[in-house]
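Enquirer: A structural model of the following input is requested.
(chains A and B)
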Protein chains: 2
Amino acid sequence: MLKQVLLLLITFLNVELDKKTMELMPPKGTRDFPPEIKILRDEIFRKIVSIFERYGFVPIETPVVERWDILKGKYGEEAESRLIWRFKLPYSEKEYALRYDLTVPLARFFARFNPKLPFKRYQIGRVYRYENPQKGRYREFYQCDADILGAEEPFPDIEIIDMMSEVFDEFKIPKYLIKLNDRRVLNDIFEKRLGIKNADIMLKIFRSVDKLDKIGKSGVLAELEKMGLPKDKIEYISKILETSEYANKEVLEFLERFSGEGVEKGRKLLENILDYSKVKNSVKIDLSLVRGLDYYTGMIFEIVVEKPRIGSLSGGGRYDNLIGMFINKQIPAVGGTVGVERLIEAGIENGIFKIKECAIADAGVIALSDSAMKYALKVAHSLRKNGVNTYMIYRPTSPVKGIKHLEKRKIKYAVLIGEEEVKEKTFTLQNLETRERDKYKLSEIVKATNKILS
Amino acid sequence: MLKQVLLLLITFLNVELDKKTMELMPPKGTRDFPPEIKILRDEIFRKIVSIFERYGFVPIETPVVERWDILKGKYGEEAESRLIWRFKLPYSEKEYALRYDLTVPLARFFARFNPKLPFKRYQIGRVYRYENPQKGRYREFYQCDADILGAEEPFPDIEIIDMMSEVFDEFKIPKYLIKLNDRRVLNDIFEKRLGIKNADIMLKIFRSVDKLDKIGKSGVLAELEKMGLPKDKIEYISKILETSEYANKEVLEFLERFSGEGVEKGRKLLENILDYSKVKNSVKIDLSLVRGLDYYTGMIFEIVVEKPRIGSLSGGGRYDNLIGMFINKQIPAVGGTVGVERLIEAGIENGIFKIKECAIADAGVIALSDSAMKYALKVAHSLRKNGVNTYMIYRPTSPVKGIKHLEKRKIKYAVLIGEEEVKEKTFTLQNLETRERDKYKLSEIVKATNKILS
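Expert: Next up, the predicted model:
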């Protein structure tokens, strides 16, 4: 247990260690995954993939390295000035960058291959941000995206929400809340009702409102006051923030007061989601939900895990102006992402995921003498042929030592081969938990296999 | 078919295209994988992983980005001066590099984590080399390694050979040959019999001999002459090259003439492999096999596919002086790699692998009217719950249009939902190949699932 906690610390936090160990660390903000964590991560990714495929999404892959001119100008000033891994090699004048997300590469891919629409793709891969590493934040980390290109609301939007919620069901996370909003509603209210025409000021207000969970209503209002917003407008925003306490029906009623195409379209969509989504009971309309990224154009959502109190583990929305950027055409798009690094970390901390020590092998074969080695190898091959992951001890040894060797690796079954077994063409199978032993004929390998894999 | 060939060309060769398309390409030597190729690649990797795990290997992962000082000095002059992707970011004085292989990172990992021995790990991941891209050679490509650390010959060596051969069995590649040699044999013969003490000259001779397959015996001898090697030595090397025509037994007899610890140990190992390996009938001892990398210290092998004539698709050997480099300790190690990029390319060209068009979804649901949409979603969710990958058409449409939509995506089953089905709580399942239609009650979903997945 102590070892596991240490491993976690080492792996996740890159804690300061003695100099010798520091020299062996990967670059700051990147991680090595030892088998027990790699096995867990692979299993989690596999499960997410199987849900994406259950919904008919297909995988693509793009390189980790992109040309700098493809990423340039796409992520805003802060990213370009200090977050994007961009570089030249000593041998070339070409400018490269490590991908910053999977979305701009998707836009490039889309323009290049012009796939049939709707194009439903998922992609899981490493992305790079030169941030200051801290818990849950790395310089190299995985993103896990599913997007639907070329299809308009509401059903693709509903599908994304339904599918993302299934990820949480799959991991048996009991209490999650799907926070839902629509950017058009926000835009309309702020623009038409409050008369805020300047897009930059609007974004600033959005970002402030987005902090409601962190700094509370009074905090948000204080920030707006600092921005110099007039009192009546602040009061109005205060009213909007209050609706996050309302039931969904009441929020929709509140929205009926507003006219304007944006509010109406947004309200209609929210109604549709409440009507058609299979997880409507977990959905909460929250007009204070903004999501940081500026490119959303319609529905936005976040999935928040309340118990254990982990925070937002998934999010996404509709972004109709991004995917067509390389072909100067509007391509409707909606997508979601699983915050897989946080999911894994929070999941381990909260006991949702258990780290198993390298138990890839189901059985281990022990030869008790030199002359038993050849027949032991034969038994090992037979087991493998029948689907048993089989570990072979490379030297003849005693049962006691051999079993100790296997136990250290958390292997559950020992297959003992001595002179007797060689002569009889048998093998002795020992369950290392119950200590129960049985002898099988080599011809009974299927029976033994069933026991081992049961 | 034409589309597939084009796709292959585009994906694998980065052929020159018109300017607009060029602007959408990933960096030279890197590749986008559209769904049909990504699905195939994932399947191939999955199969390789399952074989590695069948032998009890466990996975690890290390970052794509390493610190330059970790890679520095490990790959020789050519790599350092023009092949390693090394760089600084604009925001930092730190020197980074993209990993050049998975072996030096393994050595770092080993020193950092000090795992229980023997440590049997596999790793599949991207590596980076700034080469001139050509068919089968990329700047970003995958390596696929399995290594055993901390265990001495012969059984780990035998296991690696047995396991690698199983990869070829798995892909039903009918005729492959495992070429086998031992570096100690070569060293001893060249050093003791031919009196070549200078390691650089020895390596030069090795590299020349290594070209036997490409330039023939006369070509090799001509190269050795050019190097200024005396006639008697060349004649002797000629004799050694001749043994590549010998049967294994004769090669071993030929080696009995030599004394010296290296030859003896090597010969004994080769005998052991012939004795214990389950693929001994596919093994051919070949004293002209050298393998490019200079770090091997014992057994070396290459697996060559003869029919179709694809060349070497796997290789490896024992390298006892590399893994301990960060802890100044000798750690015995043996490993092998699957040349997975060549395997995939050659396999597609030769019909061993078939590219399937995005057939992730098993069934597609078509709602025939607005009012059928909600029930259609319900049916889709039920199918998914029962393990059917289900594609949903986002808009009500006619059976003809809906079926066309699904056929374009190579989906085999249509699930049709009209007013009648809504009323009856049924669904109509149509096999799009046979055109056969059946109606099922929603409560018979398991029966329908079995049909779809059969």
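
Enquirer: Report the backbone C-alpha coordinates of stretch A:33-44 in CSV.
Expert: The C-alpha trace of stretch A:33-44 is given here as CSV (Å, rounded to 0.1, in the frame of the first residue of the first chain):
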residue,chain,number,x,y,z
PHE,A,33,3.8,4.7,-16.3
PRO,A,34,5.0,1.5,-14.5
PRO,A,35,3.1,-1.7,-15.4
GLU,A,36,0.5,-1.5,-12.6
ILE,A,37,-0.6,2.0,-13.7
LYS,A,38,-0.2,1.4,-17.5
ILE,A,39,-2.5,-1.7,-17.2
LEU,A,40,-5.1,0.4,-15.4
ARG,A,41,-4.9,3.2,-17.9
ASP,A,42,-5.1,0.9,-20.9
GLU,A,43,-8.2,-0.7,-19.4
ILE,A,44,-9.8,2.7,-18.8
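
Enquirer: per-residue confidence averaged over it?
Expert: Here stretch A:33-44 scores 96 as its mean pLDDT.

Enquirer: Report the buried residues of it.
Expert: Going by neighbour count (16 or more other CB atoms under 10 Å in any protein chain shown), the buried part of stretch A:33-44 is A:33-41, A:44. Bear in mind the C-beta positions are built from the backbone N, C-alpha and C, glycine included.

Enquirer: One more: stretch A:99-118?
Expert: For stretch A:99-118, a neighbour-count test (16+ other CB under 10 Å) marks A:99-113, A:115, A:118 as buried.

Enquirer: Give me the subset of those residues that lies in helices.
Expert: A:103-113 (DSSP state H).

Enquirer: can you tell me which of the residues you listed lies nearest to chain B?
Expert: Comparing these against chain B with CB to the nearest CB places residue A:112 closest, at 3.9 Å.

Enquirer: Now for the buried residues of stretch A:33-44: which two are most distant?
Expert: Farthest apart among the buried residues of stretch A:33-44 by CB to CB are A:34 and A:44. That separation is 15.8 Å.

Enquirer: which of the ones in helices among the buried residues of stretch A:99-118 come close to chain B?
Expert: Among those, the residues within reach of chain B (CB under 8 Å from any CB of the partner chain) are A:108-109, A:111-113.

Enquirer: hmm, who's touching the helix or strand hosting residue A:176?
Expert: Per DSSP states H and E, residue A:176 falls inside strand A:175-182. With contact meaning CB atoms under 8 Å, 6 or more residues apart in numbering or on different chains, strand A:175-182 is reached by A:161, A:165, A:168, A:265-267, A:269-270, A:273, A:279, A:282-290, A:298-307, A:313.

Enquirer: Out of those residues, list just those in strands.
Expert: Cross-referencing the contacts of strand A:175-182 against strands under DSSP state E gives A:283-285, A:299-307, A:313.

Enquirer: quick check, nearest of the residues you listed to chain B?
Expert: Among these, residue A:299 lies closest to chain B (CB to the nearest CB), at 14.1 Å.

Enquirer: Bridged to residue A:149, which residues?
Expert: For residue A:149, the beta-bridge partners are residue A:119, residue A:333 (DSSP bridges).

Enquirer: if we can go back for a sec, can I get the buried part of the contacts of strand A:175-182 as one PyMOL selection?
Expert: Buried residues within the contacts of strand A:175-182, by 16+ other CB under 10 Å, are selected in PyMOL with:
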select buried, chain A and resi 161+165+168+265+266+267+269+270+273+279+282+283+284+285+286+287+288+289+290+298+299+300+301+302+303+304+305+313
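
Enquirer: Listing request: residues of chain A with sub-threshold pLDDT.
Expert: A:1-19, A:293, A:358 (pLDDT under 70).

Enquirer: what residue lies at the spatial centre of it?
Expert: A centroid search over chain A (CA atoms, centre = their mean) returns residue A:340, at 2.2 Å, as the residue closest to the centre.

Enquirer: Quick check: closest non-adjacent residue to that residue.
Expert: residue A:144 (4.4 Å; CB to CB, 6 or more residues apart in numbering or on different chains).

Enquirer: Next: residue A:76.
Expert: That would be residue A:294: by CB to CB, 6+ apart, it lies 7.7 Å from residue A:76.

Enquirer: In this model residue A:203 seems to touch the one you found, though I could be wrong.
Expert: Yes. Here residue A:294 reaches residue A:203: they are 6.2 Å apart, a contact under CB atoms under 8 Å.

Enquirer: Give me the residues contacting the helix ranked longest in chain A.
Expert: As assigned by DSSP H, the longest helix anywhere in chain A is helix A:35-54. For helix A:35-54, the external contacting residues (CB under 8 Å, 6+ apart) are A:4, A:7, A:11, A:33, A:59, A:122, A:124, A:142, A:144, A:146, A:163, A:166-167, A:170-171, A:338, A:340, A:343-344, A:347-348, A:353-358, A:360, B:58-61, B:121, B:360-361, B:384, B:387-390.

Enquirer: Next: stretch A:99-111.
Expert: By CB under 8 Å, 6+ apart, stretch A:99-111 touches A:60, A:62-66, A:70-71, A:74-75, A:79, A:83-85, A:119, A:121, A:123, A:125-129, A:143, A:145, A:147, A:149, A:322-327, A:331, A:335, B:24, B:26, B:32, B:34.

Enquirer: what residues does the stretch 351-454 of chain A put near chain B?
Expert: Selection of the stretch 351-454 of chain A residues close to chain B by CB under 8 Å from any CB yields A:358, A:360-361, A:364, A:373-374, A:377-378, A:381, A:384, A:387-392, A:394-395, A:408-409.

Enquirer: Try it again at 6 Å.
Expert: Contacts of the stretch 351-454 of chain A with chain B, taken as CB under 6 Å from any CB of the partner chain, map to A:358, A:360-361, A:381, A:384, A:389, A:391, A:394, A:408.

Enquirer: how far away is residue A:210 from chain B?
Expert: 27 Å (CB to the nearest CB, to the nearest Å).

Enquirer: To clarify, my last question referred to residue A:309.
Expert: To chain B, residue A:309 is 29 Å away according to CB to the nearest CB.

Enquirer: got the contact list for whichever residue of the stretch 201-350 of chain A sits closest to chain B?
Expert: Shortest the stretch 201-350 of chain A-to-chain B distance, computed as CB to the nearest CB: residue-wise this is residue A:278, at 5.6 Å. Shown in contact with residue A:278 (CB atoms under 6 Å, 6 or more residues apart in numbering or on different chains): A:162, B:381.

Enquirer: go on, residue A:430?
Expert: A:414, A:437 are the contacts of residue A:430 under CB under 6 Å, 6+ apart.

Enquirer: Parallel or antiparallel, list what pairs with the helix or strand hosting it.
Expert: According to DSSP H and E, residue A:430 maps onto strand A:426-431. Strands that pair with strand A:426-431, judged by DSSP bridges, come out as strand A:413-417 (antiparallel), strand A:437-441 (antiparallel).

Enquirer: which stretch among those comes nearest residue B:237?
Expert: Closest among the strands paired with strand A:426-431, using CB to CB: strand A:413-417, at 44.5 Å.

Enquirer: what's downstream of that closest one, the next helix or strand?
Expert: Next along the chain after strand A:413-417, taking DSSP H and E as the criterion, comes helix A:419-424.

Enquirer: how far does that following helix sit from the chain's center?
Expert: 51 Å (CA atoms, centre = their mean, to the nearest Å).

Enquirer: just stretch A:421-436 next, same as before
Expert: Distance of stretch A:421-436 from the chain centroid (CA atoms, centre = their mean) equals 43 Å.

Enquirer: can you check stretch A:133-149 too?
Expert: Mean-position distance between stretch A:133-149 and its chain equals 7 Å (CA atoms, centre = their mean).
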